[in-house]
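Undergrad: sequence first, predicted model second:
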There are 2 protein chains.
Amino acid sequence: MFAKLPVSGHTDTMTTRRERLRAATFEEIKTAALSQIAEVGGSSLSLRGVAREIGMSPAGLYRYYDGRDELLTDLIADAYKDLATAVESAIDEGGDSPHDRFAAGMRAYRRWALEQPNRFLLIFGTPIPGYEAPDDGPTVEGNRRMGEAFFSVGVDAWRRGQMPPVALGRPTTEGERNLAADIDPEMPPEFIPVMLGTWAHFHGLVTLEVLNQFRWLYGDDSEVLFESEIERLLSGLGVSG
Amino acid sequence: MFAKLPVSGHTDTMTTRRERLRAATFEEIKTAALSQIAEVGGSSLSLRGVAREIGMSPAGLYRYYDGRDELLTDLIADAYKDLATAVESAIDEGGDSPHDRFAAGMRAYRRWALEQPNRFLLIFGTPIPGYEAPDDGPTVEGNRRMGEAFFSVGVDAWRRGQMPPVALGRPTTEGERNLAADIDPEMPPEFIPVMLGTWAHFHGLVTLEVLNQFRWLYGDDSEVLFESEIERLLSGLGVSG
DNA sequence: TGACAATGTGAACACCGTTTACATATCATG
DNA sequence: CATGATATGTAAACGGTGTTCACATTGTCA
């Protein structure tokens, strides 16, 4: 790269002018759509509204997206990736102990959800009618990344002997065993459902908080519930703080 | 009342002909709306579609509901009540031990959600844009009923000495103490957040299952995860089976 | 320079929720 | 029983939406 260029100057970055403009327009569309979603929620996202906001005719948007559903799909994928990175980096910088790293990840999950509730509901709320998650799509990809991040903390805790074995009370399924073997051949497969259950636990807390289902009891201060639940949930895992 | 009537015979039940027709039309509207919701989800419920289905002009619906939002509000209220009764009666008939009654309630919650996912998402999915839950409305009423049902099982377990005290790791809030005192003056207030957390736990499981977030690992058989989580969650409460 | 593809527009279509003016059926009352 | 009031339903219209189509314009590249 950094090729020599004629005096007229152009196309040094191997991207043609049109491609740059197109990329910029994509960004403009997405940011406009995101701001609209933050206000009115994903289900009321209006294509014509986006077109209006960026000063383009409604039909013009169809040069970029095949319709409203495809735009939403793109935004959903972005949201998944964004949440995953938020959780990943929070875990990375969460400290040394598994306890602290778990807690950091959960707090990042909650913070992300509360800071952009409509985007969170884009992922974990009612699915958009037209949207069907492809099995290899970026939504499962985001899920995989988040799962991996949490699982890795669990594995670490287990290696340190800080995560005692669990009595599952039933035989593990084949899927659980395969996944566990994928992560670490010696990892007890019982940890898989336990970690999934842990995710479900704080996900439920976050979901209900986003939907204001705790306000009647905690008002604007539902953080205390979340914090004490983190401790209870981690101590249930045997991961002491 | 029970006024004498001419031979022509009518209006014995104190309901006039118009009132009966009106009530019937209300039912017809609701069932049509429900069937439409089951197919396409609450967010795509169409007033004109309902009108078409029952053979009425769109404007005619406005003699029964002030608009789409009010119809949806009514259906949401019904769903809340319905879920609450399902959970209540499941707990009632769940057996003697707190363990079995808890489990029965949770299973009913899950079954109800999986059997009518769109209706469940009407309650716990992305809120309908125009809808704002009134603080004294039937949604909080439904929540209250469900909460009461579960709390009562917890209280019973505690009275039997089957629910050991919990170390919350923080002082209880005023709201928690008030609610606990309301339920039973001698009940330890720490049970409140623990029960709420328990609700969040299996609610998260159900939500993720409704959104198919477990299919990648469990396929169509995610019940095993739910069942083992019930046990883990109850044993975390100290309620043994 | 000219052909070609990419990009954007305006008008139209079908659908939606909602309001308005009007017709009809039911009711309560003289 | 007749009459006026009220409840119920309709047709037409308005502004909004997503989407398509024919057409103009612009950038790219041989």
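TA: Nice, I can see it.
Undergrad: contacts, neighbours, all on C-alpha from now
TA: OK.
Undergrad: A:Ile123 in helix, strand or coil?
TA: helix (DSSP: H, G, I helix; E, B strand; the rest coil).
Undergrad: then the one 3 residues further on?
TA: Assigned state for A:Thr126: coil (three-state reduction, three-state DSSP).
Undergrad: try A:Arg232
TA: The three-state assignment at A:Arg232 reads helix, by three-state DSSP.
Undergrad: and the residue nearest to it when sequence neighbours are not counted, what pLDDT?
TA: With C-alpha to C-alpha, 6 or more residues apart in numbering or on different chains as the measure, B:Leu168 is the residue that lies nearest to A:Arg232, at 7.6 Å, once sequence neighbours are left out. As summarised for this prediction, B:Leu168 has a pLDDT of 94.
Undergrad: quick one, phi psi at B:Leu168?
TA: phi -80, psi -30 (degrees, to the nearest 10).
Undergrad: same check on the one 3 residues further on?
TA: The phi/psi pair for B:Pro171 (degrees, to the nearest 10) reads phi -70, psi 150.
Undergrad: for it, grab the count of nearby residues.
TA: Close neighbours of B:Pro171, defined as other C-alpha atoms under 10 Å in any protein chain shown, add up to 11.
Undergrad: returning to that earlier point: pull up the gap between the residue nearest to A:Arg232 and A:Thr173, please.
TA: Distance, B:Leu168 to A:Thr173, by C-alpha to C-alpha, to the nearest Å: 34 Å.
Undergrad: the helix or strand in which A:Asp82 is found packs against which elements?
TA: With elements delineated by DSSP states H and E, A:Asp82 resides in helix A:68-92, which encompasses its position. Based on contacts counted as 3 or more C-alpha pairs under 8 Å, 6 or more residues apart in numbering or on different chains; DSSP states H and E, the elements that helix A:68-92 packs against are helix A:98-115, helix A:117-124, helix A:138-159.
Undergrad: what is the least confident helix or strand in chain A?
TA: Each helix and strand of chain A was given a mean pLDDT (mean pLDDT, DSSP states H and E); the minimum falls on helix A:138-159 at a mean of 89.
Undergrad: moving C-terminal of that one, what's the next helix or strand?
TA: helix A:174-183.
Undergrad: distance of the most centrally placed residue in chain A from DNA strand D?
TA: Of all residues in chain A, the one closest to the mean position by C-alpha atoms, centre = their mean is A:Leu83, 3.0 Å from it. Relative to DNA strand D, A:Leu83 is positioned 25 Å away (C-alpha to the nearest atom of the strand, to the nearest Å).
Undergrad: one more: A:Glu190?
TA: Plainly put, A:Glu190 is 44 Å away from DNA strand D if you go by C-alpha to the nearest atom of the strand.
Undergrad: got the contact list for that residue?
TA: A:165-168, A:172, A:176 (C-alpha atoms under 8 Å, 6 or more residues apart in numbering or on different chains).
Undergrad: try it again at 10 Å.
TA: For A:Glu190, the contact set (C-alpha atoms under 10 Å, 6 or more residues apart in numbering or on different chains) comprises A:165-173, A:176-177, A:180.
Undergrad: which among those residues count as buried?
TA: Among the contacts of A:Glu190, those that count as buried by neighbour count (16 or more other C-alpha atoms under 10 Å in any protein chain shown) are A:168, A:172-173, A:176-177, A:180.
Undergrad: rewinding a little: chain center to the helix holding A:Asp82: distance?
TA: 5 Å (C-alpha atoms, centre = their mean, to the nearest Å).
Undergrad: same question, stretch A:114-121
TA: That offset, for stretch A:114-121, works out to 11 Å (C-alpha atoms, centre = their mean).
Undergrad: got the domain ranges for chain A?
TA: Following automatic domain parsing, chain A resolves into domains at A:15-65, A:73-237.
Undergrad: and the end-to-end length of the first one?
TA: Using C-alpha to C-alpha, the end-to-end distance of domain A:15-65 comes out at 21 Å.
Undergrad: do it and chain B meet at all?
TA: Yes - Domain A:15-65 comes into contact with chain B (C-alpha under 10 Å from any C-alpha of the partner chain), by way of A:40-44.
Undergrad: so which of those residues are in helices?
TA: Residues from those lying in helices, with DSSP state H as the criterion: A:Val40.
Undergrad: so which of the residues of domain A:15-65 next to chain B is the closest to DNA strand C?
TA: If you rank the residues of domain A:15-65 next to chain B by distance to DNA strand C using C-alpha to the nearest atom of the strand, A:Ser44 comes first, at 11.8 Å.
Undergrad: tell me, how many residues neighbour the closest one?
TA: 13.
Undergrad: ditto for A:Met195
TA: Once other C-alpha under 10 Å is used to define contacts, A:Met195 is seen to have 16 neighbours.
Undergrad: near DNA strand C, which residues of chain A?
TA: By the criterion of C-alpha under 7 Å from any atom of the strand, the positions of chain A lying close to DNA strand C are A:18-19, A:22, A:25, A:55-61, A:63.
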